[in-house]
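> Below is the structure, and that's it, no one-letter string:
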């Protein structure tokens, strides 16, 4: 004898099952939310007490001891110091990342897999000077665990001297000033990128037109005597076949001679610079002090022959005027008209 269920009874059971699943799902979400909120509350209480929590598996330069405190990883710390030093020598995050990859210097993964964005973040990370800004990000969805940048939505806590530093505080602060200077330089000259130290092309992003404000670009002209490196205003032939900016081109050799001549003039009048440099020291302007030292190293030599590496650590820009006048500006602010 078979048993027959009417369709309406089956539909009723299905409906009750859906309601039950909805209730169970809701309870599970509430429990997950409660666990997440409790965990978040605990973490934030630790932040308020100044307890630093860092995932060192993805943090170059540090490990954790048995109590969870940050301790320096000596080998990785040398790489961190190298990055800061090279940046202050004028190298960009892009060129630093390329050097590390080319020389197979390992990162936190143990492999040479460096990106400019990672270098940039390392240069801005306050933990390298021994401090810690807590709660830079926060969780916005307890289910997906999605985290976003904290732009004031929740409290942040800054802990000074929370652990041993890899980078001296003065050096770290100097790097922040230099990051801001390079950003302002790009904006002032409307550059997509600013290449400060370049072995193959040291004048790139440093030569500008007084007439229209555009950057000069390097051209390789072929002559009967071979290749000739020439710099020309980028607005000269902006529209093909039409002459735009009237400013003249200039040989790269002339640019080199102009920098040497500017250095020689400053060497002959170094006493005039001492007052300016003393004022920089008195007013505690660290970035200008840094670049005053770089320029002093050059002009205090008995004689200085053109050295692109040294020049890039002291030269701000060269401005070309239509009548042939050249202005050489150094990074500590001194200008020389030639």
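Everything's here; your move. What you see is a predicted model, and the numbers here were worked out from it, not measured in a lab.
> Under the pLDDT cut-off, which ranges of the stretch 51-200 of the chain? List them.
The model of the stretch 51-200 of the chain has pLDDT under 70 over residues 51-56, 135-154.
> how about the helices of the stretch 151-300 of the chain, start to end?
For the stretch 151-300 of the chain, the helices defined by DSSP state H, counting those that start in this stretch occupy 169-189, 252-268, 270-282, 286-299.
> now the ones you listed as CSV including mean neighbour count and distance to residue 125?
C-beta coordinates here come from the backbone N, C-alpha and C atoms, glycine included. Formatted as CSV, the helices of the stretch 151-300 of the chain follow (neighbours: other CB atoms under 10 Å; distance: least, CB to CB, whole Å):
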stretch, mean neighbour count, distance to residue 125
helix 169-189, 15, 9
helix 252-268, 18, 35
helix 270-282, 12, 28
helix 286-299, 18, 19
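> Just put those in CSV and tack on distance to residue 57.
Shown next, in CSV, are the helices of the stretch 151-300 of the chain (distance: least, CB to CB, whole Å):
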stretch, distance to residue 57
helix 169-189, 23
helix 252-268, 47
helix 270-282, 43
helix 286-299, 34
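> so which of those gets nearest residue 116?
Closest to residue 116 of the helices of the stretch 151-300 of the chain, according to CB to CB: helix 169-189, at 13.0 Å.
> With respect to residue 91, which of the helices of the stretch 151-300 of the chain lies nearest?
helix 169-189 (11.2 Å).
> Work out the gap between that closest one and the centre of the chain.
Here the centre of helix 169-189 is set off from its chain's centre by 8 Å, with CA atoms, centre = their mean, to the nearest Å.
> Equivalent analysis for stretch 63-78, please.
Counting by CA atoms, centre = their mean, stretch 63-78 is centred 24 Å from the centre of its parent chain.
> what about it, how long is it end to end?
Using CA to CA, to the nearest Å, the end-to-end distance of stretch 63-78 comes out at 14 Å.
> What residues of that stretch count as buried?
By 16 or more other CB atoms under 10 Å, the buried positions in stretch 63-78 come out as 70, 73, 76-77.
> From the residues you listed, which land in helices?
Counted as lying in helices by DSSP state H, out of these, are 76-77.
> would you turn the buried residues of stretch 63-78 into CSV with distance to residue 271?
Formatted as CSV, the buried residues of stretch 63-78 follow (distance: CB to CB, whole Å):
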residue, distance to residue 271
70, 49
73, 48
76, 46
77, 42
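> What distance do you get for residue 333 to residue 132?
35 Å (CB to CB, to the nearest Å).
> er, residue 123 I mean
Residue 123 sits 17 Å away from residue 132, going by CB to CB.
> so residue 131 touches residue 166, yeah?
No: using CB atoms under 8 Å, residue 131 makes no contact with residue 166, being 11.7 Å away.
> Show me which of these two is the more surrounded one.
residue 166 (24 against 18; other CB atoms under 10 Å).
> Run a quick check on the more buried one versus residue 82, I expect a contact.
No: counting by CB under 8 Å, residue 166 stays clear of residue 82, with 11.0 Å between them.
> For residue 323, give me its contacts.
Residues in contact with residue 323 (CB atoms under 8 Å, 6 or more residues apart in numbering): none are found.
> please begin residue numbering at 11 from this point
With 11 as the first residue, the last one maps to residue 333.
> Residue 343 and residue 142: which has the busier surroundings?
Per other CB under 10 Å, whichever of residue 343 and residue 142 has more neighbours is residue 142, with 23 against 14.
> Next one: residue 49, what pLDDT does it get?
Note on residue 49: pLDDT of 42.
> Quick check: nearest residue in space to residue 299, chain neighbours excluded?
Spatial nearest neighbour of residue 299, chain neighbours left out: residue 290 (5.4 Å); criterion: CB to CB, 6 or more residues apart in numbering.
> Which residue ranges of the stretch 111-260 of the chain form strands?
Here the stretch 111-260 of the chain has its strands, by DSSP state E, counting those that start in this stretch, at 142-144, 147-151, 156-159, 167-169, 217-219, 226-233, 236-243, 260-261.
> could you dump those to TSV with distance to residue 193?
Below are the strands of the stretch 111-260 of the chain laid out as TSV (distance: least, CB to CB, whole Å):
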stretch	distance to residue 193
strand 142-144	20
strand 147-151	23
strand 156-159	19
strand 167-169	23
strand 217-219	18
strand 226-233	22
strand 236-243	24
strand 260-261	28
